[in-house]
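Novice: Compute the structure for the input listed below.
(one chain, ligands or ions: 2)
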Amino acid sequence: MSKIKLVNIGKIATYNSQTKVVDSITGSDILINDGIIEKIDNDINENVEIFDCQNRLVTPGFVDPHTHPVFLNGREEEFGLRMQGATYQEIAEKGGGINSSVNGVRNTSNEELIALVTKRMDRFLKLGTTTIEAKSGYGLNVESELKSLEVLDLVNQNHAIDIIPTFLGAHAFPPEYKNDRNGYVDLLCNEMIPAVAGQGIAKYCDVFCENGYFNVKQSRKILEAAKKHGLIPRLHADEFEDSGAAELAAELGAVSADHLMAVSDVGIAKMAEGNVTATILPGTTFFLGSTNYAPVKKLMESGIDIALATDYNPGSCHIQSMPFIISLACIYIGMSVEDALRSATFNSAKTLNLEKEVGSIEIGKKADLVIWDLEKLIEIPYNVTDVPIIKVMKGGKFIF
Ligand code: NIG
Ligand code: FE
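Specialist: Numbers count the residues shown, from 1 in each chain. Ligands and ions are numbered 1, 2, ... in the order given. Reported below is the predicted structural model:
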């Protein structure tokens, strides 16, 4: 058994699942036993290895609950086209968008993808993310979707970060099904979902439910098939237009509805009724040059829990930094830094059914911690692009 004690902590900022508020704890040490937080106290008399935090801020590691990291190349040419006025949807209609990443994944070996995803995970960890949800969704056939999930599994086994894989075969209609959309839905339900369940890697199934992509009827069919095979539903919902996706998330008992820039009042009411968490991706709004952020205040007033995520992907949001997402949430959405921290840690863990293990600094939880070269929580969003992290600890071990 290995024990380590963090001493001289300036401040511990963490959500407290008992009091249900974000605490700011001063004067306490943290004792970690075999990767688990054993004590948080000002008087821990154990003679064990010590790490001196030199009066700095300690927070939980971030939990990023929505990313798309399994792709080959970036799509910076689309970024350039947007600078000339094209919209994300126009670029997608002209053959860009999700489908332009499909050939890359289909024609690349596992080894090459593993190397790329590993490098991306190194970066996430350096930015303080210790648990991450990661979707397939650029393979769009049985073989390449299974390959994407296998890549995530292999990286997970060899990397300190914890990866929670999601099957997103319903990300777009692949070119070979361009004129037979229901045929692709049948392929998803009858072949891909059973194969993914049989493979046993993905825990969740996601659908891009949006006008021009999967409609509500198709999304319902896919997610019901997924549920039958033991995959838990989550949903890309009402990103560009309201299509009733938030309502569908509630109907299906999805853990989370994500994006929600265009969610309707009815959708919000249904989500509140169904206890669906709203995962907000302000990086996507920002990266697409929009100012139409999701109506977080309204969602919060309806009693809906908010989670924050990066949506890291090659097209609509090439951002990996949860600290930057917190800056956006504070600056553009008007979230308090305490709410933003809770949303980026505990609430995001809740959408992955992991809130008993990670997402806060509490006794019995994994020692997933970030030690900052900062004193106060508000300095995280205040520093915007600077990420003054001294150490990231994952399961009781310092990573860098
Ligand atoms: O969450 N909205 C759908 N999927 C991604 C975009 C992926 C891409 O453009 O490659 C998103 O924003
Ligand atoms: Fe996404």
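Novice: Show me which residues of the stretch 301-400 of the chain sit near ligand 1.
Specialist: D311, N313, P314, G315, S316, C317 (C-beta under 6 Å from any ligand atom). Every residue, glycine included, has its C-beta placed from N, CA and C.
Novice: The nearest residue to the second one once chain neighbours are set aside: what's it in contact with?
Specialist: Counting by C-beta to C-beta, 6 or more residues apart in numbering, H68 is the residue found nearest to N313 once chain neighbours are left out, at 3.7 Å. Contacts of H68 were listed using C-beta atoms under 8 Å, 6 or more residues apart in numbering, and they are A134, K135, G137, Y138, L168, D311, Y312, N313, P314.
Novice: likewise I4?
Specialist: L31, I32, V48, E49, I50, F51, G396.
Novice: Next: N158.
Specialist: T118 are the contacts of N158 under C-beta under 8 Å, 6+ apart.
Novice: let's number from 16 now, not from 1
Specialist: All right, first residue 16 from here; so that's N173.
Novice: Next one: it from V132, what distance?
Specialist: 11 Å (C-beta to C-beta, to the nearest Å).
Novice: And E370, by the same measure?
Specialist: 25 Å.
Novice: Looking at these two, which is more packed in?
Specialist: Neighbours per residue, other C-beta atoms under 10 Å: of E370 and V132, the larger number sits with V132, 22 against 19.
Novice: Thought L87 was touching that one, still the case?
Specialist: No - V132 is not in contact with L87 according to C-beta atoms under 8 Å; the separation is 10.6 Å.
Novice: Please identify the residue of this structure positioned nearest to ligand 1.
Specialist: G330 (2.4 Å; C-beta to the nearest ligand atom).
Novice: Pull the number of nearby residues for the closest residue in space to that residue that isn't next to it in sequence.
Specialist: The shortest distance from G330 to any non-neighbouring residue, by C-beta to C-beta, 6+ apart, is to R90 (5.1 Å). Neighbour count of R90, defined by other C-beta under 10 Å: 21.
Novice: Identify the residues contacting R90.
Specialist: G111, S115, S116, P329, G330.
Novice: Would you point out the most distant pair within those residues?
Specialist: The distance between the two most remote of the contacts of R90 (C-beta to C-beta) is 10.7 Å, for G111 and P329.
Novice: Could you check which of these two is surrounded by more residues?
Specialist: P329 (21 against 18).
Novice: Now do the same for that one: helix, strand or coil?
Specialist: coil (DSSP: H, G, I helix; E, B strand; the rest coil).
Novice: after the lengthiest strand in the chain comes which helix or strand?
Specialist: If you go by DSSP state E, the chain has its longest strand at strand 18-31. As assigned by DSSP states H and E, the chain's next helix or strand after strand 18-31 is strand 36-40.
Novice: And that following strand, what's buried?
Specialist: Neighbour-count burial for strand 36-40, with 16 or more other C-beta atoms under 10 Å as criterion, is recorded at V37, D38, I40.
Novice: got any ranges where this protein has weak pLDDT?
Specialist: The model of the chain has pLDDT under 70 over residues 16.
Novice: Let me see the contact set for the residue nearest the centre of it.
Specialist: The residue lying closest to the centre of the chain (C-alpha atoms, centre = their mean) is P80, at 2.1 Å. Neighbour list for P80: I147, E148, S271, T294, A322, A324, S363, A364, T366, L367 [criterion: C-beta under 8 Å, 6+ apart].
Novice: Most widely separated two among the residues you listed?
Specialist: Pairwise across the contacts of P80, and taking C-beta to C-beta, the largest span is found between I147 and S271, at 14.4 Å.
Novice: So these two - more neighbours on which side?
Specialist: I147 (31 against 28).
Novice: tally of neighbours for the residue lying closest to the more buried one once chain neighbours are set aside?
Specialist: Nearest residue to I147, sequence neighbours excluded (C-beta to C-beta, 6+ apart): D79, at 4.7 Å. A total of 30 residues lie near D79 under the criterion other C-beta under 10 Å.
Novice: same deal with N226?
Specialist: 15.
Novice: can you check the one 5 residues further on too?
Specialist: Around V231 there are 16 other residues, counting by other C-beta under 10 Å.
Novice: doesn't I340 fall inside a helix?
Specialist: Yes - when three-state DSSP is applied, I340 is found to be in a helix.
Novice: and the closest residue to G282 other than its chain neighbours, helix, strand or coil?
Specialist: Excluding its sequence neighbours, the residue lying closest to G282 (C-beta to C-beta, 6+ apart) is A261, at 3.0 Å. Here A261 is recorded as helix under three-state DSSP.
Novice: what about A261, how many residues close to it?
Specialist: 31.
Novice: Contact partners for it?
Specialist: Contacts of A261 by C-beta under 8 Å, 6+ apart are A252, D253, A272, L275, V278, S279, G282, I283, K285, M286, V291.
Novice: swap the cut-off to 6 Å and go again
Specialist: Counting by C-beta atoms under 6 Å, 6 or more residues apart in numbering, A261 touches A252, D253, A272, V278, G282, M286.
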